[in-house]
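J.: Take a look and give me a structure for this.
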Amino acid sequence: MYSPGVRSTDVPPFPSTLGAMRPVLILGFLALPGLAAPVLRLEGEGRGPLVLSTPNLVVEGQGAVLRGNKGHTLSLLAPGIKVRGLRVVGAGPEGDFFEPDAAIYLSGCEGCLLEDVRVEGAPAAVRVEDSPGATIRGLKARGLGGSPGVLVYSSPRARVEGSHLQGFMDGIYVEYSPGMGIRGNLLERNGRYGFHVMFSWQVGIEGNLSRDNGVGNAVMHGAQNLVRGNRLYGHKSPVGYGLLVQDERETEVRENLFAENTLGLVLMDAQRVRVGGNGFRENGTALRITRERGGNSAWVEKNAFQGNLYDLAVDDPEAKARVVGNLYDRASGLPVPHLPTGSFALLLARQPELSLFALSPGIVLWEAAEAQVPGLRLVALADARAASLPKAVAFRGHWIILGLLGGVLWWWRRT
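T.: Numbers count the residues shown, from 1 in each chain. Okay, the predicted model is just below:
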């Protein structure tokens, strides 16, 4: 049984929908004399929906559980509210991707803070609308598969930091939120994207680990965004990619690690995009430049390509890419231009069904010959200042011998 709550007459009354949970209301004094911040301390377990609309309210929920099965379980509808340590279980059944029922709903909640909150059993963990500067920090949530984990709409300078999101359609989905920060999160095993940023600019996506999601990650239809210092790996579906940069302007992709993806980085209709200081390791195709409606221009500089099946594929004959000063495990030690793709890779970009022959003896032999004789390579995207990396996979020597033996065996069986 819960002890009786203490209610301050200086704090507007709260709704009585908590069920067995007994809220304890006290006044917490701020540093400035004469100013007080109301504090709501939740204890035990109760049932929502709970709607809070007192500005600057501090909700202390360590050890408390709020459950719900109708609409949003906890709604924050005033500026400056802070919620710490609460566990929220369940929400209404509405799983519409853009308007899901959420464990926690923020609207008009400028400068609000969610910290060390746990969510489970809800279509969306947190839904944020029209709440500039709202911060979500240390959230841990597991989803039901059909909606975003954190959905942010029209909330400039919002933040999602140090959170762990899994089992949603997209871990973090953002629209129309310039200046947002997505930093230090673990996004794994979501049905489509780890992070998915749309129609936004000057967003910082930094230091995240995104792995084993159904498709990958995407930054689309924006400008001047920064994707830096992330680890993006294990997206191995037939269309899986570490990152898609689509219809972006002046966006920067820097110092990320793309590893073990079907496609590492895809630039689609990306103008004046800078790709620098990244590591591409053991991807199917490390970097692909392709076109849907517009065109591409990219500066690809000082990246390291190691152990990829193909380093670069271009499916845009009018692409204005400048490739310079990168490191490759297949570059010649001689001071000659290096094209980080082969003629078969260029053909494969136009006719994907030829991927069935990618490891056939004839193709292996041809690519080994191209690697040995730079003069056989196409020169449109040659890297004039390429440098060599230690060979992660030996594409020379034994591959040539195996290719020759395979070709002889094939010819002998045909005859």
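
J.: show me where pLDDT drops low in the stretch 1-150 of the chain?
T.: Counting by pLDDT under 70, the ranges of the stretch 1-150 of the chain that qualify are 1-36.

J.: redo that, cut-off 50
T.: 1-17, 26-34 (pLDDT under 50).

J.: now swap in the stretch 301-415 of the chain and tell me
T.: Within the stretch 301-415 of the chain, the stretches with pLDDT under 50 are 375-377, 393-408, 410-411.

J.: How much space separates the closest residue in space to A64 that isn't next to it in sequence from V83?
T.: Closest residue to A64 apart from its sequence neighbours, by C-beta to C-beta, 6 or more residues apart in numbering: L42 at 3.9 Å. For glycine as for every other residue, the C-beta is placed from the backbone atoms N, C-alpha and C. Note on L42: its distance to V83, by C-beta to C-beta, to the nearest Å, is 9 Å.

J.: so who does L312 touch?
T.: When contacts are counted by C-beta atoms under 8 Å, 6 or more residues apart in numbering, L312 touches 285-289, 300, 305, 323, 339-341, 345, 381.

J.: If we use 6 Å, what do you get?
T.: Residues near L312 by C-beta atoms under 6 Å, 6 or more residues apart in numbering: 287, 340-341.

J.: so which strand or helix has it?
T.: Here L312 sits within strand 310-315, counting by DSSP states H and E.

J.: after that strand, next one along is what?
T.: Counting by DSSP H and E, the element after strand 310-315 in chain order, helix or strand, is strand 320-324.

J.: in that next one, what counts as buried?
T.: Neighbour counts over strand 320-324 (16 or more other C-beta atoms under 10 Å) mark 321, 323 as buried.

J.: Beyond that strand, next helix or strand please.
T.: The element immediately downstream of strand 320-324 (helix or strand, assigned by DSSP H and E) is strand 327-328.

J.: list the helices and strands that next one packs on?
T.: On a contact count with 3 or more C-beta pairs under 6 Å, 6 or more residues apart in numbering; DSSP states H and E, strand 327-328 meets no helix or strand.

J.: do that again at 8 Å, thanks
T.: Secondary-structure packing of strand 327-328 (3 or more C-beta pairs under 8 Å, 6 or more residues apart in numbering; DSSP states H and E): strand 304-306, strand 387-388.

J.: Quick one: end-to-end distance for stretch 325-338.
T.: Stretch 325-338 stretches 10 Å from its first residue to its last (C-alpha to C-alpha, to the nearest Å).

J.: Look up how far L57 lies from the residue nearest to A64.
T.: Separation of L42 from L57 (C-beta to C-beta) stands at 12 Å.

J.: Then N217?
T.: For N217 relative to L57 (C-beta to C-beta), the value is 35 Å.

J.: Those two: who's more crowded?
T.: Using other C-beta atoms under 10 Å, the more surrounded residue of N217 and L57 is N217, with 29 against 22.

J.: Look up the closest residue to the residue nearest the centre of the chain, ignoring the ones flanking it.
T.: The centroid of the chain falls nearest to F195 when counting by C-alpha atoms, centre = their mean (2.9 Å). Nearest residue to F195, sequence neighbours excluded (C-beta to C-beta, 6+ apart): I172, at 4.6 Å.

J.: Helices of this protein, start to end?
T.: Shown for the chain, the helices assigned by DSSP state H span residues 343-350, 361-372, 398-414.

J.: what's around G138, how many residues?
T.: Look at G138: counted by other C-beta under 10 Å, it has 16 neighbours.

J.: which of the contacts of L312 has the most neighbours?
T.: Tallying neighbours with other C-beta under 10 Å puts L287 at the head of these, with 30 neighbours.

J.: right, and that one touches V314 too?
T.: No. Using C-beta atoms under 8 Å, L287 makes no contact with V314, being 9.1 Å away.
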